[in-house]
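Asker: I would like to see how this sequence folds:
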Amino acid sequence: MATRPPDPQISRRARSAARWAIVVGVVGFGLKFAGWLATGSDAIFSDALESIVNIVASIGAFLALVYAERPPDEEHPYGHGPIEFVSALFEGVLVAVAGLVVLAHSAESVYRGNVEVARLDLGLALVAASAVLNGVAGFALLRVGRATGSAALVGDGKHLLSDLWTTFAVLAGLVAVWITGQGWIDTAVAIGVGVLLVVVGTRVAFGGLSSILGAQDAEDHQKILAVLDRHRAGESPAICSYASVRHRHQGRLHFVDMHLRVPREMSVADSHEIASAIEREVLAAVGEGTATAHMEPCGEARCVRCRPHAEQVPARG
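Answerer: Okay, here's the model as predicted:
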């Protein structure tokens, strides 16, 4: 079994990104809330409501990162990494609920009649400033999250980027209202934002739930198979074949199990060296965590690697 422990520098980078996400959420909400107070726009209200979710979700991501770094104990022998998937699930639910609230608010606006939108120039400026802020922060969180293997940061980054697209829709709607003077466009944009939030939130929530249930990461699976295929093809140390490749992803940590087949006559010491070398290579491909190779004797009669070993065994008279 080979183990690659978490890198403290990566942990510090992830926590720093999570703290900045909280700051960005607070500033972005302040800009949008001021824009809503100035204009009375339903569309800006929908965008401001999502920013409240940004703040709560960013705080949740930061707390999840801190908890995930706790060392394994008797109750959690594999560590505390799954809390990051819980954070992603929670964030998705919050986004979807925010979308439902926006739809309810928009329905109320339609019922009571559209309110005139005022001071569009100021509203546009404030919302545009929040868009720039969220765009930079979203791409940064996504990059850091993927580099550190943090599901919480990736979920938070996707949320901010979805917020960016909704903000663009709000800006387009405000411009249309400014040009045409038709207030109903503002409410229509708010309804569209609400629907988008429900869809995005549902996807993020199901992604977090799927990870909690142990779904294998497709990209990690291809990386592991690529390593094993090279050694099966003859790269040193060579193996006869492999089977039962399983892995799970807990926060930044990966746990990989695989069965490797070697010639039946190979010594335990030699097979152990092969296992250790391939375990280290697999971890180098996927990241921090633990890889365990279970060594088995090859049972293939036509295996080209077993034949030389069989020929070396003296015949019994």
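
Asker: how about the helices in the stretch 1-150 of the chain?
Answerer: 8-39, 42-68, 83-112, 120-148 (DSSP state H, counting those that start in this stretch).

Asker: got JSON lines for these, with mean pLDDT, mean neighbour count and distance to Arg230 too?
Answerer: For glycine as for every other residue, the C-beta is placed from the backbone atoms N, C-alpha and C. Formatted as JSON lines, these follow (pLDDT from 0 to 100; neighbours: other C-beta atoms under 10 Å; distance: least, C-beta to C-beta, whole Å):
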{"stretch": "helix 8-39", "mean pLDDT": "83", "mean neighbour count": "19", "distance to Arg230": "27"}
{"stretch": "helix 42-68", "mean pLDDT": "78", "mean neighbour count": "25", "distance to Arg230": "32"}
{"stretch": "helix 83-112", "mean pLDDT": "79", "mean neighbour count": "20", "distance to Arg230": "31"}
{"stretch": "helix 120-148", "mean pLDDT": "85", "mean neighbour count": "19", "distance to Arg230": "24"}
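
Asker: quick one: closest of those to Ala169.
Answerer: helix 42-68 (7.7 Å; C-beta to C-beta).

Asker: list the contacts of the residue nearest to Ala118 when sequence neighbours are not counted.
Answerer: For Ala118, ignoring the flanking residues on the chain, the nearest one in space by C-beta to C-beta, 6 or more residues apart in numbering is Thr39 at 5.7 Å. By C-beta atoms under 8 Å, 6 or more residues apart in numbering, the residues touching Thr39 are 117-120, 122-123, 174.

Asker: could those go into TSV alongside distance to Ser16?
Answerer: Shown next, in TSV, are the contacts of Thr39 (distance: C-beta to C-beta, whole Å):
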residue	distance to Ser16
Val117	39
Ala118	40
Arg119	37
Leu120	37
Leu122	33
Gly123	33
Leu174	34
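
Asker: where do the helices sit along the stretch 201-317 of the chain?
Answerer: Going by DSSP H, counting those that start in this stretch, the stretch 201-317 of the chain shows helices at 218-232, 268-286, 306-312.

Asker: of those, which shows the lowest average pLDDT?
Answerer: The minimum mean pLDDT among these belongs to helix 306-312 (a mean of 58).

Asker: just to revisit the earlier point, mind putting the helices of the stretch 1-150 of the chain into JSON lines with distance to Glu300?
Answerer: Listed next are these as JSON lines, based on distance: least, C-beta to C-beta, whole Å:
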{"stretch": "helix 8-39", "distance to Glu300": "42"}
{"stretch": "helix 42-68", "distance to Glu300": "42"}
{"stretch": "helix 83-112", "distance to Glu300": "39"}
{"stretch": "helix 120-148", "distance to Glu300": "39"}
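
Asker: between these, which one is nearest to Gly155?
Answerer: Evaluated over the helices of the stretch 1-150 of the chain, closeness to Gly155 peaks at helix 83-112, with 3.7 Å, by C-beta to C-beta.
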